[in-house]
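In: no sequence for this one, just the structure:
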């Protein structure tokens with residue numbers, strides 16, 4: 001499954017380890033975790049919260065799934081990167097699996113933006129003003 005082309009209007013395309021391609025409806029998916037390897041333990045989404053303000057810039061969001069579980073994540077603060085079928089977020093702890101999580105809109109009952117961290121806009125550089133010339137002595 002490629003991270004950029006797994007979404008279709010009908011659902012999520014899933015390639016099994018056997019090589020079979022199937023499509024799963026968004027309503028049947030809670031989350032898709034992008035992991036480093038399959039040998040690691042299964043990722044847990046419940047109780048994944050930021051303990052302090054995230055360091056990376058983006059939108060600090062909190063999602064509540066249909067089953068009541070809540071999860072924090074960092075969403076890109078870029079409208080062009082928003083997916084029409086869901087949200088691709090960075091979970092609070094990237095040292096463990098998963099690295100990214102795709103959450104379909106149909107899996108959520110609540111979605112809150114807690115904070116805007118950083119900004120996509122950069123402040124213009126301030127140019128040094130020229131030093132005033134000394135006044136000429138007349139007398």
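Out: Ah, there it is. Everything numeric in this text was worked out from a predicted model, so none of it was measured.

In: now residue 6: closest residue in space, sequence neighbours ignored.
Out: Excluding the flanking residues, the one nearest residue 6 by CB to CB, 6 or more residues apart in numbering is residue 13, at 5.2 Å. To be clear about C-beta, it is placed using only N, CA and C from the backbone, and glycine gets the same treatment.

In: against residue 67, how distant is that neighbour?
Out: Plainly put, residue 13 is 24 Å away from residue 67 if you go by CB to CB, to the nearest Å.

In: the more surrounded of those two?
Out: residue 13 (15 against 9; other CB atoms under 10 Å).

In: look up which helix or strand the more buried one falls in, please.
Out: strand 12-15 (DSSP states H and E).

In: could you give the separation of that strand from the chain centroid?
Out: On the basis of CA atoms, centre = their mean, to the nearest Å, strand 12-15 sits 20 Å off its chain's mean C-alpha point.

In: next helix or strand past it?
Out: Per DSSP H and E, the helix or strand that comes after strand 12-15 is strand 21-24.

In: average pLDDT for the helix or strand following that next one?
Out: Counting by DSSP H and E, the next helix or strand C-terminal to strand 21-24 is strand 32-34. Averaging pLDDT along strand 32-34 yields 82.

In: buried sites along strand 32-34?
Out: With burial defined by 16 or more other CB atoms under 10 Å, the residues of strand 32-34 counted as buried are 32-33.

In: again with stretch 11-24
Out: 11-12.
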